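[1] fold the following and give me the result.
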Amino acid sequence: MISNETIQTIISRKSVRQFLSNPVPDAFVSAMLECARFAPSGLNNQPWRFVVVDDKEIQTQLSELTHYSDILLSAPLSISVFLDTSASYHREKDIAAIGAGIQNILLSAHSLGLGAVWLGEILKNKEKVSAVLDVPNSFELMAVIAIGYSDGSSKRTDRKELKEFVWKNRFSKI
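    As a prediction, this is how the structure comes out:
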């Protein structure tokens with residue numbers, strides 16, 4: 001496989017679910033958000049909105065809205081990612097753009113020596129998350145990302161072989 005710094009960052013990134021209590025430097029937060037801002041979006045509409053939480057009381061309130069409360073309680077920082085429906089021009093394309101922004105946050109966090117995990121299960125309580133964070137009605141929660149320095153307990157997960165989900169030219173049964 002071809003290897004360079006970007007490819008190595010992508011391949012070596014893993015989801016981190018337990019964190020040290022050390023705070024994340026503001027410069028790192030800004031860098032991650034800058035990387036998210038540069039994700040591609042249809043018509044360059046940039047439909048994402050972010051709420052950065054480093055307040056333990058708010059983090060605790062968010063943790064009560066997910067089955068994975070221990071992850072948020074452990075993380076010194078979270079970023080809630082929203083689709084601004086008032087800025088949306090095509091829902092599916094905008095959600096894909098937000099996914100690209102989330103990936104940019106995850107990759108930039110990893111490149112800065114941080115760990116992170118994308119929480120989707122919390123979406124079952126997206127209205128309650130919106131109330132805790134006091135966001136406008138036009139903001140629809142897409143994910144919450146827990147971020148911090150890894151405590152070292154995260155393990156790498158196996159990946160399927162490419163041949164299990166890639167075809168060339170046309171689909172054919174294996």
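[2] need the pLDDT of D26.
    Looking at D26, its pLDDT reads 98.
[3] ok, how many other residues are close to it?
    Using other CB atoms under 10 Å, D26 has 10 neighbouring residues. Heads up, the C-betas are built off the backbone N, CA and C, glycines and all.
[4] again with D151
    As a burial measure, D151 scores 14 neighbours (other CB under 10 Å).
[5] quick check: it touching R17?
    No - with contact defined as CB atoms under 8 Å, D151 does not count as touching R17 (9.3 Å).
[6] lowest confidence element among the helices and strands of the chain?
    Taking mean pLDDT, DSSP states H and E as the measure, the chain has helix 5-12 as its least confident helix or strand, at a mean of 93.
[7] quick one, phi/psi of D54?
    Backbone torsions for D54, taken as degrees, to the nearest 10, come to phi -130, psi 10.
[8] which ones are touching it?
    Residues in contact with D54 (CB atoms under 8 Å, 6 or more residues apart in numbering) are 23-24, 76-77.
[9] send me the longest helix seen in the chain as PDB with only the CA atoms.
    With residue count as the measure and DSSP state H as the assignment, the chain has helix 91-111 as its longest helix. Output in PDB follows, covering the C-alpha atoms of helix 91-111 (Å, rounded to 0.1, in the frame of the first residue of the first chain):
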ATOM      1  CA  ARG A  91     -30.800  17.200   3.200                       C
ATOM      2  CA  GLU A  92     -28.900  14.100   2.000                       C
ATOM      3  CA  LYS A  93     -26.000  16.100   0.600                       C
ATOM      4  CA  ASP A  94     -25.900  18.200   3.700                       C
ATOM      5  CA  ILE A  95     -25.800  15.200   6.000                       C
ATOM      6  CA  ALA A  96     -23.000  13.800   3.900                       C
ATOM      7  CA  ALA A  97     -21.100  17.100   4.200                       C
ATOM      8  CA  ILE A  98     -21.600  17.000   7.900                       C
ATOM      9  CA  GLY A  99     -20.200  13.500   8.000                       C
ATOM     10  CA  ALA A 100     -17.100  14.800   6.200                       C
ATOM     11  CA  GLY A 101     -16.800  17.500   8.800                       C
ATOM     12  CA  ILE A 102     -17.000  15.000  11.600                       C
ATOM     13  CA  GLN A 103     -14.400  12.900   9.900                       C
ATOM     14  CA  ASN A 104     -12.100  15.900   9.700                       C
ATOM     15  CA  ILE A 105     -12.500  16.500  13.400                       C
ATOM     16  CA  LEU A 106     -11.700  12.900  14.200                       C
ATOM     17  CA  LEU A 107      -8.600  12.900  12.000                       C
ATOM     18  CA  SER A 108      -7.300  16.200  13.200                       C
ATOM     19  CA  ALA A 109      -7.900  15.200  16.800                       C
ATOM     20  CA  HIS A 110      -5.800  12.000  16.100                       C
ATOM     21  CA  SER A 111      -3.100  14.000  14.400                       C
END
